[in-house]
Each structure stands twice: as C-alpha cells, then as structure tokens.
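Asker: give the three-dimensional model of this entry:
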Amino acid sequence: MAANSTLLPPVLSSRWDGLSYSLIASFFECDKNGDMVQDKDGNPASPIVEAPLTESNLDASFNWQSAFESMSPESKAPMLFAMLQSGAIQPVIDALSASKVGSAVGGLLGSNAGQTSGNAVTSAQQQSGDFLKQFEGRTGITKLNSTQIFSGMPPVKIQLTLLFRAWQDPVSEVEDPLDQLLSWAFPQRLANDSLIANLIKAAQGEANPIEALLPSQSPKLIAFVYKNRKYAPMVIEQIGIPLSSPIDSNGNFVELLLPVTLGSLTAWDKDDWANTRY
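Answerer: Numbering: from 1, shown residues only. The predicted model follows:
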C-alpha cells in the first residue's frame, strides 16, 4: 500500500511518491486488543495518519534487583567495614594506642616503667596491625547475596520524529495529520461539573450513576505500524509541536518535524513481542 492509498481510506499524509512504504509509519485507532476500530461497514472508524520517520527508537527496560544484598555484613555497619576493607582504620588504632595509652601509663609509672609500657604498646600495635590487615581487600559480597531477581518492567517506550511537509496543500498534508494525532492524544471529553454535582444529579435520577462517577473519557488507543511490525495497543504520552516551523501566507505549517512519544498500554512478554511481526 502506498501513501494516500484508497485501500484504507481516509489517509492523512504528505505526498511521498516513490518512497518505499517500509519507510512510512502508519497510525490508526485500535481497541485494547490492538485491532483496528472499524465502523459498521468495515472501514476505519477514524482516519489513518502516515508519515516517514527521521528518528525512531524503542526502549524496553527490565528491572533486575539484588534482593539479598542486605545479607552482607557491610550493610549492617557500612562505615566500620569500609574502614576495615580499605585499611583506613589502622592509623586510628595506632594513634589511639600510642598517644593515649602509652603516655598515660608512662606518666603514672615513671620513665623506666613507661619505657616498658611503651614497648608493650608497640607490641600490641603490631599485633593489632597484623590482625586488621586480614580485613583489607576482603568483602562480604557472594554469588548468593548478589543474585539478581526480576522485579518487573515498565511499559515499552517508543520515541519517534514524524516528518510532514506540503507539496500542494498544507492543510491536508500537514495540518490535518497533526490535528488527528492530537485528537487521539487528548482526552475525548472532560466533564465540566464537579464529581459531587454529578453524584447529586445521579441521586436525583437526572444522570447515569456510572457516568456521574466517571464523567470524562480518556484518550484513544492507537496502533503504530512500521517496517513490518505492528505495535499495539499504544498510548500517546507526549507530542511536541515546534511552533517556529515554516508556514505559508495563510499561517498553515508547510513543514513539520513532530517528536512523539508512545508507550505500550501494558508491560510486554515474549508473546507480545512475537506478535508485533506481521
């Protein structure tokens, strides 16, 4: 199918004669199963938007966590074990034993006794130093407490940049596709009245209870087709409109690079990815 094809009318797109259809992305309204929403005659319920992509990227994040990491002794006393592993605690021990213990004992027992005590302190320092060196370069991390477990994944994100440009009619080739994308992205309806007012009307029989409780309608789900893969159902999370883009004498955009962020409705498993290929 080529751009502006009559097989699936109507199609909102710029003219891309001669461009391979594999390089053109298609967007259409779908249901929660990813199937195209059709009218009673089997035609698309809303127009299809087509555009080539100047940039496209799919991001799938997978959350793996070390749930047993807190089992290591470092997590119980992190500062102490950090000083032991790095050897930074040795100067502290030396300073305390030499300046405090040695001088105190020497002052109490006299010079000769102080000298003997000093030798004992030096011996104790040596023993403590040998003992503390055993901790240097060692860690409590093992294969068990560093084992990662899968803790879920967020929906898949797709970053796109759509290109629209007008050869003949800026309205049908640029403005209309932009309006259609935005009509899918925005909520279909936001209620004007407050929730309390709606509930009062429902209690008085003036409104449907379900509509009173949930009076607004969420944005549409869409499908994204590109290079023999169909990603559906997706939601439009962001659209950035470069308002400084060139226009014609009537103020209509004649060229538009439109950044769009899509997100999958749910997280995916391997079957969801397999189903993206036609």
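
Asker: please make it C-alpha for all contacts and neighbour counts, starting now.
Answerer: Noted.

Asker: if I look at residue 201, how far off is residue 190?
Answerer: For residue 201, the distance to residue 190 (C-alpha to C-alpha, to the nearest Å) stands at 17 Å.

Asker: of these two, who's got more company?
Answerer: Remark: of residue 201 and residue 190, residue 201 carries more neighbours, 15 against 11, as counted by other C-alpha atoms under 10 Å.

Asker: hang on, residue 161 in a helix?
Answerer: No: per DSSP: H, G, I helix; E, B strand; the rest coil, residue 161 lies outside any helix segment and is strand.

Asker: is it in contact with residue 256, as I believe?
Answerer: No: Residue 161 lies out of contact with residue 256 (C-alpha atoms under 8 Å); the separation is 9.7 Å.

Asker: touching stretch 39-49 from outside, list them.
Answerer: Applying C-alpha atoms under 8 Å, 6 or more residues apart in numbering, the contact partners of stretch 39-49 are 8-13, 26-29, 36-38, 177, 180-181.

Asker: mind picking the lowest-pLDDT entry from these?
Answerer: Minimum pLDDT for those is recorded at residue 8 (48).

Asker: low pLDDT regions in the protein?
Answerer: 1-9, 69-81, 83-137, 139-140, 198, 202, 207, 210, 212 (pLDDT under 70).

Asker: one more pass at 50, please.
Answerer: 1-8, 101, 104-105, 108-109, 111 (pLDDT under 50).

Asker: domain ranges for it, per the record?
Answerer: Split into domains by automatic domain parsing, the chain comes to 11-63+154-190+218-274, 69-133.

Asker: and stretch 43-59, what's buried?
Answerer: By neighbour count with 16 or more other C-alpha atoms under 10 Å, stretch 43-59 contains the buried residues 44, 45, 46, 47, 48, 49, 50, 51, 52, 53.
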